[in-house]
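Sequence plus the predicted model coming up.
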Amino acid sequence: MDNRQFKSFVSAYRDSLQKGEKAKGPDGKPIESETDWIYFDRETLEKLLKMTDPKTGGIKMYLGVYTKENLDILPKDREDRENYIGMLSLALTPANRTRQGIVDVQEEEIYENGGTLCPPFCQPPPTEI
């Protein structure tokens, strides 16, 4: 995901869900059932952590929403990609805690995205809490 795609992803969240408005699905109607959980594989998380300081590093998670305009940030082989439109998700970036606060690693723009969302892909189905 490049910086332009990242900004589109985060703006879609800030312009709707963060304000309490429902995001719109592929049919243009409000989403009735928003994201319950998001799964990222270990390889992705470890790749990001390796870019951070061993003592002060971590992963910053930005909230975002998929739209028709930013759907190309999902992997091209993702099945039923259009089911993600309107769904809340995360963009991950390596970050370090500094005296100035928690800052993104600036070696290059690195945003990982494409975690598996539930819904629409809930296997096993979500458990009641």
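Looks like it came in fine. Numbers count the residues shown, from 1 in each chain.

Spit out the contact partners of Pro94.
Remark: with contacts taken as C-beta atoms under 8 Å, 6 or more residues apart in numbering, Pro94 is in contact with 48-49, 51-52, 57-60, 104-105, 110. Glycine gets a C-beta too; all of them are placed from N, C-alpha and C.

let's see it at 10 Å
Contacts were defined as C-beta atoms under 10 Å, 6 or more residues apart in numbering; by that measure Pro94 touches 47-53, 57-60, 104-107, 110-112.

can you check Glu109 too?
Neighbour list for Glu109: 1-6, 93 [criterion: C-beta under 10 Å, 6+ apart].

What helix or strand is it located in?
Following DSSP states H and E, there is no helix or strand that holds Glu109.

Select from the contacts of Glu109 every entry located in strands.
Among these, DSSP state E puts Thr93 in strands.

Show me which of the contacts of Glu109 has the smallest pLDDT value.
Within the set of the contacts of Glu109, pLDDT is lowest for Met1 (74).

That one: how many residues sit nearby?
Burial of Met1 is recorded as 22 neighbouring residues (other C-beta atoms under 10 Å).

Any idea how far apart the tips of stretch 8-20 sit?
Terminal residues of stretch 8-20 are spaced 18 Å apart (C-alpha to C-alpha, to the nearest Å).

buried set for that stretch?
Counting neighbours by 16 or more other C-beta atoms under 10 Å, one finds that the buried residues in stretch 8-20 are 8-10, 12-13, 16-17.

Also stretch 82-97?
Using 16+ other C-beta under 10 Å as the test for burial, stretch 82-97 gives 83-96.

what does the longest helix along the chain contact?
The helix of greatest length in the chain, counted in residues with DSSP state H as the criterion, is given as helix 3-14. Counting by C-beta under 10 Å, 6+ apart, helix 3-14 makes contact with 1, 18-19, 23-24, 62-67, 69-73, 85-86, 88-91, 93, 109-111, 113, all of which sit outside it.
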